[in-house]
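Student: when you get a sec, could you give me coordinates for this:
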Amino acid sequence: MRCVIARFPFELTKGGVLESMKGVKPEPVTGQSVIIGRRHYPVKQVGQVITRQDRRDFSAAEVLRAMAQLGFTCRVVPEAAPQDDLSPMQQASAMLGTPVTV
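Tutor: You can find the predicted model right below:
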């Protein structure tokens, strides 16, 4: 499949991506991820390995789109629910929880 990542065209196949990622240890996932085989890889790590470009040269969305088109499962970080406007004292109190009687 032909796709464009960071303004450069790439011919990617599912087998080619699997071969490229073979033996690559996944970094800790803190955001969007792609499941390749049985491992969860950060999107930027996958993009760096398959394109051999610096991570700053492409966006995660470009790699997510290409991996989804190839049939890989992609995970996107859910947006955080909006928090109530609490004062710092109320936030600290909520973090401590309620008192327990013994």
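
Student: and residue 62, what element?
Tutor: Assigning secondary structure by DSSP states H and E places residue 62 in helix 60-70.

Student: and what of residue 41?
Tutor: Assignment of secondary structure by DSSP H and E places residue 41 within strand 39-42.

Student: what are the buried residues along the helix or strand following the helix holding residue 62?
Tutor: As assigned by DSSP H and E, the chain's next helix or strand after helix 60-70 is strand 73-75. Buried positions in strand 73-75, judged by neighbour count with 16 or more other C-beta atoms under 10 Å: residue 74. For every residue, glycine as well, the C-beta is placed using N, CA and C.

Student: quick one: contacts of strand 73-75?
Tutor: Contact with strand 73-75 is made by 32-35, 40, 43, 64, 67-68, as judged by C-beta atoms under 8 Å, 6 or more residues apart in numbering.

Student: point to the residue nearest the middle of this protein.
Tutor: Against the mean C-alpha coordinate of the chain, by C-alpha atoms, centre = their mean, the closest residue is residue 32 at 1.9 Å.

Student: ok, that one touching residue 76?
Tutor: Yes: if you go by C-beta atoms under 8 Å, residue 32 and residue 76 touch, sitting 5.3 Å apart.

Student: what is in contact with those two at once?
Tutor: By C-beta under 8 Å, 6+ apart, residue 32 and residue 76 have these common neighbours: residue 64.

Student: just the C-alphas of the helix holding residue 62, formatted as CSV.
Tutor: What follows is helix 60-70, C-alpha atoms only, in CSV (Å, rounded to 0.1, in the frame of the first residue of the first chain):
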residue,chain,number,x,y,z
ALA,A,60,1.3,10.4,15.1
ALA,A,61,-1.9,10.8,13.0
GLU,A,62,0.0,10.0,9.8
VAL,A,63,1.3,6.7,11.2
LEU,A,64,-2.0,5.8,12.8
ARG,A,65,-3.8,6.3,9.5
ALA,A,66,-1.3,4.1,7.6
MET,A,67,-1.3,1.3,10.3
ALA,A,68,-5.1,1.3,10.4
GLN,A,69,-5.2,1.0,6.6
LEU,A,70,-2.8,-2.0,6.8
